[in-house]
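Asks: test case, fold it:
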Amino acid sequence: MDTQAVVPPQPRGNGKVHGEAPRRNQRVALEDRTNFEAGQVEIEGKITRRITRSFHAQLLANAQKNNGNPVLVPGVVDKAAKNRNDAPAKKVTKKAADEDVNVVSSDEEKEKPVNRGKPVQGSRKEVKTLTSILTARSKAMACGDTNKLKEQIVDFDAADVNDELAVVEYVDELYKFYKLEEDDCRVGDYMDTQPDINSKMRSILIDWLIDVHRKFELMPETFYLTVNIIDRFLSRRMVTRRELQLVGISSMVIASKYEEVWAPQVNDFVCLSDYAYTGNQIRVMEKAILQKLEWYLTVPTPYVFLARYIKASISPDDEMKNMVYFLAELGVLDYQTTIRHSPSMIAAAAVYAAHCTLNKRPFWTETLKHHTGYSEEQLRECAKVLVGFHSKAGESDLKALFKKYTKPEYGAVARRTPAKIC
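Replies: You can find the predicted model right below:
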């Protein structure tokens, strides 16, 4: 004889039944009940044990291990499974899936709502691991450090916005281009291809040209371009010892015509060379140099970077500028330093060594690092070399550069105590 599940009486009026407290969300799915007794389930045509709360949880756990097969909630018949072959399955809405259904258990067991749409999970709360906490803090600190670095980079071009010659709108792109082009304009070790001259002769020539440059009161750009022209020409053509000074004079003539408003005359260079060469010889060598260099004279010399890096030092005084130029000229005077390091490296190292020599703290700032592209560690080796030249400048046989920077108009920076860079 068929039996029906006993439905607990529903609360009326004030929601109480025989003095019991009202129950929330209590609903009995009568339409899903079968002819079994409450709390019983049919498995293979047999009525099995009553469904307690622990047995119900065990059934759910076994069903979840069964690769996601449909779970038969104890006490409820799966109509969709029953009618799967008879009619198409109806779409189950999220609201129906999330409804709470009460499972009727024994009198000793308390009723517990079961969510049909979600698997039974433990009551363990979400706990943040130490790794996740440290990772979050590291990201926060990294963002904070980035913002801090941006604040430390000073926009020293803001004062020149109204100066058309400063080309503030293009200056960053210009120096990015210079950094790319400086490698193409550098020369390799060419002394092996010059059988009649050596690096010592080159240094003597450059030291003499420093004196000539000062007597003519030429611009600094002219000196650095002269050295660049000499090195590029010697890397492409062999010259004799007798022609080396002629190459230097002709290179300065070319550089003066390129950089100066009023360039010295060829006869002036003839007089300074003690008439060792004629004016015609200088013009012939000038033409040979231009042909060999293919008239390519717009090159990023160390001075191009010196002007920018000194400005990045934020309000440098005259002593600071003179010290930077002194150290940079010591660098281009030496053949190995010129070959080994790029023009931007020599310029940045000169600025760093000048800060150390004059004790201008901090020696290297985030602004300088941003605009030069070099860190303090990258510059230390080249800066040590420049400081070493400074310490030996007074005892060297090449006196022109040392005498120049002992003059009052250059602040006598050559007499300052050299820095100690570890």
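
Asks: can we go C-alpha only for contacts and neighbour counts from here?
Replies: OK.

Asks: now do the helices in the stretch 151-300 of the chain.
Replies: Assigned by DSSP state H, counting those that start in this stretch, the helices in the stretch 151-300 of the chain fall at 171-185, 199-215, 220-234, 241-259, 266-272, 279-292.

Asks: wait, which of those helices is closest to residue 132?
Replies: In terms of CA to CA, the element of the helices of the stretch 151-300 of the chain nearest to residue 132 is helix 171-185, at 40.0 Å.

Asks: pLDDT-wise, which helix or strand of this structure ranks last?
Replies: Within the chain, confidence by mean pLDDT, DSSP states H and E is lowest for helix 94-97 among all helices and strands, at a mean of 42.

Asks: just the C-alpha atoms of stretch 195-203, please, in CSV.
Replies: The C-alpha trace of stretch 195-203 is given here as CSV (Å, rounded to 0.1, in the frame of the first residue of the first chain):
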residue,chain,number,x,y,z
PRO,A,195,103.3,51.1,-39.3
ASP,A,196,104.9,54.5,-38.9
ILE,A,197,103.0,56.1,-36.0
ASN,A,198,101.9,55.0,-32.5
SER,A,199,99.5,56.0,-29.7
LYS,A,200,102.2,58.2,-28.1
MET,A,201,102.5,60.3,-31.2
ARG,A,202,98.8,60.7,-31.4
SER,A,203,98.7,62.0,-27.8
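
Asks: I'd like the mean pLDDT over it, please.
Replies: What stretch 195-203 shows for mean pLDDT is 93.

Asks: repeat for stretch 163-177
Replies: Over the span of stretch 163-177, the pLDDT mean works out to 82.

Asks: ok, residues contacting stretch 201-213?
Replies: The contact list for stretch 201-213, computed with CA atoms under 8 Å, 6 or more residues apart in numbering, reads 223, 227, 244-245, 248-249, 272, 333-335, 398-401, 404.

Asks: run the last query once more with 10 Å
Replies: 191, 199-200, 215, 217-220, 222-223, 226-227, 230-231, 241, 244-245, 247-249, 252, 256, 269, 272-273, 329-330, 332-335, 397-404 (CA atoms under 10 Å, 6 or more residues apart in numbering).

Asks: can you check stretch 182-200 too?
Replies: So stretch 182-200 is contacted by 202, 205-206, 228, 231-242, 244, 296-302, 333-336, 338-344 (CA under 10 Å, 6+ apart).

Asks: again, 8 Å this time
Replies: With CA under 8 Å, 6+ apart as the contact definition, stretch 182-200 has outside contacts at 231-232, 234-235, 238-241, 299-301, 334-335, 339, 342-344.

Asks: between the helices of the stretch 151-300 of the chain, which gets the lowest average pLDDT?
Replies: When I compare these, helix 171-185 is least confident, with a mean of 86.

Asks: mind listing what's buried along that one?
Replies: For helix 171-185, a neighbour-count test (16 or more other CA atoms under 10 Å) marks 175, 178-179, 182, 185 as buried.

Asks: can you check stretch 279-292 too?
Replies: Quick answer for stretch 279-292 (16+ other CA under 10 Å): 282, 285-286, 289-290.

Asks: same thing with stretch 384-401?
Replies: 384-391, 393-394, 398, 400-401.

Asks: with respect to pLDDT, which of those residues ranks lowest?
Replies: residue 394 (86).

Asks: and the gap between that residue and residue 164?
Replies: 42 Å (CA to CA, to the nearest Å).
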